[in-house]
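K.L.:
Predicted coordinates and the sequence they were generated for:
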Amino acid sequence: MNTTHSPNTVMANGLTGSVVKWVDSSIVVAGSVIAISALVIMFVSLMAEVIVRYLTNQGMGWPTEMPNILFPWLVMSGVVLAAQRGQHIAVCAINTLLGTAGNRILMLALQALVAATFFYLAWVGLDVIEITGSEVYPVTGISSRWAYMALIVGFVGLGITALSTFVRLLLASDPLSVRVHHVEEDV
């Protein structure tokens, strides 16, 4: 039996493992859809603006607002996807000094702190949305609240990822194998 685990495998059979796998898969699908959609919409709208400007010497106006609205969604979905794959910035020097139990405790504490921090930031972000809700992009009439909503959704995604990582750490035989990305799995 293989004791190493990829980020896409469940560490234990049963309901808990299945729920964690479902939650993580849902976050990856949602993050991927958001990132791809943001890129496509930004590209198509800006390309349309270039074509119209070239043909008529006048711009449509609204395409220039799309990056302001969609770029935060692209960035936050990328951050959440990186966390899901374990490709965020990490300092691992202390891991060599700790054994399996020490690493598990350290990583569980870290995930609890990460979850609490990002859920708190999402909560505070709701106040920001109330403040920015009155700001409207002039051409599209879209509230800037939609751009700021990306931060809240991203913070919630990171908090949920921290919680699912916490469960994975409890279930894994080797805590250092949780969220370790293997390039050969992508082939």
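P.N.:
That came through, no problem. Numbering: from 1, shown residues only.

K.L.:
Please make it C-alpha for all contacts and neighbour counts, starting now.
P.N.:
OK.

K.L.:
low pLDDT regions in the chain?
P.N.:
1-13, 87-93, 181-187 (pLDDT under 70).

K.L.:
Tell me which residue is most central in it.
P.N.:
Val80 (1.4 Å; C-alpha atoms, centre = their mean).

K.L.:
which one is that residue nearest to, not counting chain neighbours?
P.N.:
Leu158 (5.6 Å; C-alpha to C-alpha, 6 or more residues apart in numbering).

K.L.:
In contact with the one you found: list those residues for me.
P.N.:
By C-alpha atoms under 8 Å, 6 or more residues apart in numbering, the contact list for Leu158 reads 80, 83, 115, 118.

K.L.:
residue farthest from the centroid of the chain?
P.N.:
Distance-from-mean max, the chain, by C-alpha atoms, centre = their mean: Thr56 at 39.9 Å.

K.L.:
Could you dump the contacts of Leu158 into a markdown table with secondary structure and distance to Gly133 added?
P.N.:
Compiled in a markdown table, those are given as follows (DSSP: H, G, I helix; E, B strand; the rest coil; distance: C-alpha to C-alpha, whole Å):
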| residue | secondary structure | distance to Gly133 |
| --- | --- | --- |
| Val80 | helix | 25 |
| Ala83 | helix | 29 |
| Ala115 | helix | 26 |
| Phe118 | helix | 22 |
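
K.L.:
Out of these, grab the one that's most surrounded.
P.N.:
Counting neighbours by other C-alpha atoms under 10 Å, Val80 leads the contacts of Leu158 with 27 neighbours.

K.L.:
My guess is that residue contacts Ala30. True?
P.N.:
No - Val80 is not in contact with Ala30 according to C-alpha atoms under 8 Å; the separation is 10.0 Å.
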